[in-house]
Each structure stands twice: as C-alpha cells, then as structure tokens.
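[1] coords below, sequence missing:
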C-alpha cells in the first residue's frame, strides 16, 4: 500500500484541524491510517478543539494560521456536520498550500483571502479505506487521501476539477454614519482574550486618529487607546490591542477578559475616535 | 544506549493509550524516554483521556482502534490502577500488532476478539530505566521497553512466556424472551454520542426485520429505525445508527445526545422489532 | 531558509513547555514554524497546560522532567506574562540540555539545581520571524530560534553572554523547633494527587525514624506512615508517598485526594515523627 515516489526532499507536513477534541481516539486513529500509508509523514495538530460543527470558527483559525506553515503543507480540515451526506470533499491549492475539506464554506473563506488553483472533488475511491463508514470520513477518506498526497500521489488522480465553492456567511464589521466600526467577538482563546472580527487593516483604513485616541466599547466598558502588549497595562487592567493574528482583541493583563466582562462569541464591540463617540453619545 | 539494528524498513510506530490526561507532563516524559533510546521512533497518541483507572473503557477504545494501525505497531497501554503491586507487565502479539500492558484484563479483551501469540512477562530489567519508581511504570518500564522493541530488540530477551491472562468482565447485551436486546451505554464521546455495547453483528443476527422497523428505547425515549448518517435526520433530532466503531450509538444531529437525554455510561438501551415491542408493551 | 549542517546524528528533540493549552492553534502554529526551518526536527510536547502565567509551576514541571530527555534536547519554555516587554529571552545550557525561556525566574530554578553554562541573551533577529508581534513570541522568536538550533546553528550567533538570571521565590519547607517539617502543596495532577514541596532528600535528612513512623497532617487529616505505592492501601484510602518526581505527595488510591480533602495548591502539609507530634499536640 505505501507509495514512495519522492526523493531527496522532505515529505510535506500533514496539518490536522478538526472538532474531534482530545477525549476520544478519533485523532489517533487518523494518525494510524496516515502512518500505514506514508510512514515518514510528519503530522502536526493545528487544533482539534474547534467548537463542534462550527465551520466559521475553523475558517478563522485556518486563515490566521496557514501562513506559518511551509509551502506544500497539506491541511486536513474535518469540521463536517454534513458527514455522510452528498456534500463533496474538495482538494484545493492556495498560496502554496494544499487543503482537503468538505465543501461546507471553509475553503471559500481561504479562497476569498488568498485565491486558489486546482480545485477538484475527491472522488477516486482507490485512495480511500476499502470499508467506509458514513460517520467518520476523517478516518476513511481524509486521512488516507492526505497520506497518499504526502507520499507523492499526483493530484489529478483524486478526481475531476470543480468550479464552485459553497459559501459561508461570516459576520463583518459595519460602519455607522458617525464613522464608528461595529464588530463582534468571533473567538475566545484559552486566556480569555476576546478576538474580534476587526482587522488591523480596517483600523488603519477607517480611522485617521492615532491609536491612543481610539475608543473601544464592549459590554458597557470603555477602553481608551490601543496597547502594544498585554503587559503594557497594569495586572488586571482591561485593554485592547491588535493581537498576533492581526485582529483586534480585548484582553485583561494576566487575567481573563471573557470572565471579567462575562463576554463571549457574538457579543458586539464598537470602535470610534474618542471625540466623535463622546459627541454622538450626547446627541 | 540507542540500539539501531533495523535497516531499510521504517521503525514501527509506538502508539500510546493511557489515562494520564494532558494536564501533566507524564505523557511528555514517556516520549522523552522513548526519544533517548530510539530517536527515530514515531510516537502516536491514541488517547490519554481514558477515565482514570477504567480498564474496560481502555479495552473498548483499543479493540475499536487497533485495526487502523499498520502491522508491527507497538501499543503501549498504561491504565494501571495496580501500579507498584505484583501484577505482571505483559508483552502480547495479536493480529500483527504488539501490545505492552499490565495484566489487568485489557489484553484478555484483545485476545478474545483477535487471538494472540507470543504472550510473555516483561521482566528483564536491562531494558527498564536504571532507577524505578513504584508509581510511574509508564516512564520507568513501558516507555523504555517499547523504545527498545521499536529499535529492533528481539522479543525473547524481555522475559519468559506465560500462559494465563487476567480476565475482565465486560457488560454484554442480553436477549429477553420477546426477542428484544438489552444493552448499555459503554462510552460517551466528545460530541455526546452514546456508544452502546450492541454491535452490528448482533443486530444482524438478532433481528430479521429491516433496519427501519427497529425500535430503540433509551431513557424513556423511542427512536424508530436506524439512520445511516447523523445528517440524515433534522438538526436537533434524536437518532440511532451503527457508528464508525461498529457499535450502535444514539446521537443528536448537530447536538449532544448525552445532554439531551441526561444519559451516560451504564445507562440501559433496549432494541426490538417495532411490532413486537408495541405488543409486549400492551400486555 | 532551512539549514542542514548536521550529518549522521539525529536532530535533537525540541521539547515544548507552555501555558497555551490545547483550545487554540498556538502550539500548532509554533510547530508549523519549526517544520519550515528544520523539517526533520522531532517536537515533543512536555506540557501545554501550565496554569496561565504560573512560572513557578512551569519551573517545577521542568525540573522534575528534564532528566528523562536525551542530551542535547532543546527545551522551549514559554510561560511568559511579560511578553512584549523588555525582559530578555535567554539561551542556557545546563547538564547537557539546552533551554530557551524568558528571563522571568524559570531558568534560575534550573540553574540552582543543576548548574549552567552558556547563558546568553537571544538578540540576533536573523533567526526570528521577519515580522514579529508583541504578543506571541512563542511563534515569532522561540520557535524559529529553536528550529535553527536543532538544524545546527552555532549558539554564539544568537547573542552575547549575560551573567545574571532573574530570580524566582519558591515556597520552601520550614523546620519548626519540635523537628517537624512544614511544606505546602505545589502541584495537583490529573488524578488529584497533591504533590508537595517536600523532597525525598529532606525526608531522609530530617527524620531518623523509619518511614512507617512518620505522621503527615493535611487539612485536619492524619496519615500514619509513608506508603510505597498507591495500591498498597485500600481503594479510597488516603495515603502519602514519595512520588515519581521525588517529592512527597498525598493521594487516594483509585481516587482523588484533591477532591477528598478539598485541597489545592498552596495548602499546607506538616510532617513529623509520630511520637513527637503527638507530644507537641498535648502541650
């Protein structure tokens, strides 16, 4: 079964992104399948703790992380509420990376941001496990296909090109007439940092004021100015900054903003120039 | 210390199954020991979140997962409430795989299902760490022995053959006079799917009716028919299907059956032909 | 970007110790960066579940684990409440291992116990990612520097030697006039075992009585004698022993001492010779 057509160059990394968690053996079994087909494959866990069935969260994590992986890395993205239905499984190349995912919107987010080529449906059963369930395609289809690709399989053998990607509606920040931006929290991390959908570029394009004059409102609290690091503020202080993913986040230095503000995914955040917002408040 | 006697073939995977969790450094330390003895060993985490000391759960996970790993894989199974007592540590081969585990019943489950050969006690201290605790044999015995095996150690050097395995009483489904099957939930996964001890083969052997005429009763709820995928039912709907491990499970599409039914390990489930159960209900 | 100057010897392991948890993609992204620079590096997770910002806990885990990793292993320790501030990032060699960590006290604990050589500040930006955030140096500095070291970079290129390490005040056991030792719980593991700061050597130096005559007091409970394994006591029984890390711990066989005693980090524990403590109690 193993195929070894590569020579002299390292086997590409297979990067796993799922909502399988670490309670069960689902991820381990996928790695077992991979190791049987391509024993030299390096497997990297990007995250397995996407909120179950939350394709939008997977899209955020993937789009914020992909650039840190070497060219040729194969991203296997199994957040798949439609497993066992007729939805396609897709292969897509984008900006030097390879993606395998169900056609449920995740890849459209990557394509919009980074373009794509070689979009095709994965249909050739020669590269699946011989017996397949309707409930665990991560094991039966995604893992073996990724391993065959890592081992050097020509992508043309997977299936025919397709020309359409299922879309995914992500919440986007809105601009109000007074110039303020209205976004929302899209991800809460381990530290309780509240990551919003407001990107660095939006801040730069929307506001001519300096960062120190921005006003961030969230859950009735006001934060004046953007910090440059967590530790710039006192321990326990609420702050806002552009985080490592390039999105604005609200944090508490050495604490949890999620707990302090009792705030989570979907809660709204407003940004404006301090002067304007004060004025609009008085009207 | 490293031994390299293998040539031209990949070093077998070492597959770890423990109840150590991810809070602590126990798993990491085992990998450190392995990497010192066999730096080229590939280590795969099958699961570390077996419920502490729950040998039966480990047996279920192992028996449902092992076939997805390549021949020669070395399974290191450390769910070991008797650590530090006189219980043997065993080496067993079964269906092309190698198992290292305490003699506490786990291997008897594998042996009953898949047979075994080369059952022996692991006693030769040359392949243990020089200093050993009574509380962490995963680090002091299992990890170094597995690494030496991966590096090519002849199994005969580990210790003498034995001819008896400690047993483990697992709950088995019972048949009642009206033909219905009475099983129980043996595992709850991350998604809240309730995996029962009723296997596909039992269903096929017990009922001549079609799958659509089966009736599943659990926690006072009745589910008519077996689905073929989660998404076959509406979001939020309760369903039953034969899951990816070959056991019948009760699930909620895009939800948690465990939460919806307030149901967990040990809760009972009944299956019968719809007509029969309705009748027996009326008597 | 990849550098391959090594020949014929295995690439050293890169061992990760962080407080990043497994909820997010932070650890995965670090591994992506490493794999782009040194594709053959073996990465081992020591722990990612250090309590956020708890440098003392990281120091305990590291000092208890390091000896189980082979010479040359590169420990990357990112528990870094001061990320983005002026604190140095240090390279230190100690007892055959390499450590990369912020200068926040963690390395002083290692140095006190095991000595050090080649202490230097990591300042040469050639080995950092080209764009750096102020909030995620694990990705932008630690991961690429570790990967370059694993790939064979001469350590002198990282930066200039320094001669001072930030200290860390760890709780130390105190001796009272009646000879008893007063320590505290410094770590609670997955099983609810309560690991104290009382080391085996302190027990041996402090008490001439046999282990069976020691009396351990914690949360109003008294434990007579030290066990040699968990299973030496009945299931559910409270016990004390010197654990696998060389520190005294309080445990419940097949149960959780943390739950049984409602006890956690910082709670105090007292050890004395049974006779003495009874006497002192009566005074």
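    Sure, I can see it. Since the structure is predicted, the reported quantities are computational estimates derived from the model, not experimental observations.

[2] which ones are touching the most centrally placed residue in chain A?
    Central residue of chain A (C-alpha atoms, centre = their mean): residue A:61, 2.1 Å from the mean position. Residues near residue A:61 by C-beta atoms under 8 Å, 6 or more residues apart in numbering or on different chains: A:17, A:46, A:47, A:50, A:187, C:24, C:25. The C-beta positions use only the backbone N, C-alpha and C, and glycine is treated the same way.

[3] out of these, which sit inside strands?
    A:17, A:46, A:47, A:187 (DSSP state E).

[4] so what's the closest residue to chain C within chain A closest to, chain neighbours aside?
    Nearest residue of chain A to chain C, counting by C-beta to the nearest C-beta: residue A:229, 2.6 Å away. Nearest residue to residue A:229, sequence neighbours excluded (C-beta to C-beta, 6 or more residues apart in numbering or on different chains): residue C:84, at 2.6 Å.

[5] what does residue A:231 give?
    residue C:85 (4.6 Å).

[6] that older thread, does the residue nearest to residue A:229 sit in a helix, a strand or a coil?
    Of the three states, residue C:84 takes coil under DSSP: H, G, I helix; E, B strand; the rest coil.

[7] give me the low-pLDDT residue ranges for chain A?
    A:1-9, A:276-283 (pLDDT under 70).

[8] contacts only, for the closest residue to chain B within it.
    Nearest residue of chain A to chain B (C-beta to the nearest C-beta) works out as residue A:84 at 2.6 Å. Counting by C-beta under 8 Å, 6+ apart, residue A:84 touches A:133, A:134, A:135, A:137, B:228, B:229, B:230, B:231, B:232.

[9] are any of these buried, and which?
    For the contacts of residue A:84, a burial check counting by 16 or more other C-beta atoms under 10 Å in any protein chain shown picks out A:133, A:134, A:135, A:137, B:229, B:230, B:231, B:232.

[10] how near is the second one to residue B:251?
    The reference is to residue A:134. Taking C-beta to C-beta, to the nearest Å as the measure, residue A:134 falls 12 Å from residue B:251.

[11] now do the shared contacts for those two.
    The contact lists of residue A:134 and residue B:251 share residue B:241, where a contact means C-beta under 8 Å, 6+ apart.

[12] what sits against residue A:183?
    Residue A:183 sits next to A:171, A:173, A:174, A:196, A:197, A:198, A:248, A:268, A:269, A:270, A:271 when contact means C-beta under 8 Å, 6+ apart.

[13] what sits closest to the first one if chain neighbours are left out?
    Nearest-residue entry for residue A:171: residue A:184, 5.4 Å, with adjacent residues in sequence omitted and distances by C-beta to C-beta, 6+ apart.

[14] element containing that neighbour?
    strand A:181-188 (DSSP states H and E).

[15] ok, then the element right after that strand?
    strand A:194-199.

[16] and that following strand, what does it pack onto?
    Applying 3 or more C-beta pairs under 8 Å, 6 or more residues apart in numbering or on different chains; DSSP states H and E, one finds that strand A:194-199 makes contact with strand A:181-188, strand A:247-252, helix A:257-261, strand A:268-273.

[17] again, 10 Å this time
    Helices and strands touching strand A:194-199, by 3 or more C-beta pairs under 10 Å, 6 or more residues apart in numbering or on different chains; DSSP states H and E, are helix A:55-65, strand A:181-188, strand A:214-218, strand A:238-242, strand A:247-252, helix A:257-261, strand A:268-273.

[18] following element in sequence after that strand, please.
    helix A:200-206.

[19] what is that next one packed up against?
    Applying 3+ C-beta pairs under 10 Å, 6+ apart, one finds that helix A:200-206 contacts strand A:181-188, strand A:238-242, strand A:247-252, strand A:268-273.

[20] contacts for it?
    For helix A:200-206, the external contacting residues (C-beta atoms under 10 Å, 6 or more residues apart in numbering or on different chains) are A:172-173, A:175, A:179-181, A:183, A:198-199, A:211, A:214, A:226, A:242-243, A:245-248, A:271-273.

[21] surely residue A:147 is within a strand?
    No: counting by three-state DSSP, residue A:147 falls outside a strand, being helix.

[22] quick one: it and residue A:128 touch, right?
    No: the criterion here is C-beta atoms under 10 Å, and residue A:147 misses it with residue A:128 at 11.2 Å.

[23] neighbour count: the two, which is higher?
    residue A:147 (29 against 19; other C-beta atoms under 10 Å in any protein chain shown).

[24] who's in contact with residue A:156?
    Contacts of residue A:156 (C-beta under 10 Å, 6+ apart): A:118, A:120, A:124.

[25] measure the closest residue to residue A:37 other than its chain neighbours to residue A:141 for me?
    Excluding the flanking residues, the one nearest residue A:37 by C-beta to C-beta, 6+ apart is residue A:147, at 3.6 Å. Here residue A:147 is placed at a distance of 11 Å from residue A:141 (C-beta to C-beta).

[26] what do you get for residue A:63?
    Taking C-beta to C-beta, one finds residue A:63 at 23 Å from residue A:141.

[27] give me the number of residues near the closest residue to residue A:36 other than its chain neighbours?
    Of all residues not flanking residue A:36 in the chain, residue B:70 sits nearest, at 3.8 Å (C-beta to C-beta, 6+ apart). Residue neighbour count, defined by other C-beta under 10 Å, stands at 19 for residue B:70.

[28] same deal with residue A:203?
    Around residue A:203 there are 18 residues (other C-beta under 10 Å).

[29] same question, residue A:114
    Counted with other C-beta under 10 Å, the neighbours of residue A:114 add up to 14.

[30] so it makes contact with residue A:75?
    No: at 12.0 Å, residue A:114 and residue A:75 do not qualify as touching, with contact defined as C-beta under 10 Å.

[31] between those two, which contacts overlap?
    A:66, A:94, A:97.

[32] quick one: the contacts of residue A:156 as JSON lines, columns for distance to chain C, neighbour count and secondary structure too.
    Shown next, in JSON lines, are the contacts of residue A:156 (distance: C-beta to the nearest C-beta, whole Å; neighbours: other C-beta atoms under 10 Å in any protein chain shown; DSSP: H, G, I helix; E, B strand; the rest coil):
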{"residue": "A:118", "distance to chain C": "21", "neighbour count": "13", "secondary structure": "strand"}
{"residue": "A:120", "distance to chain C": "25", "neighbour count": "19", "secondary structure": "strand"}
{"residue": "A:124", "distance to chain C": "28", "neighbour count": "15", "secondary structure": "coil"}
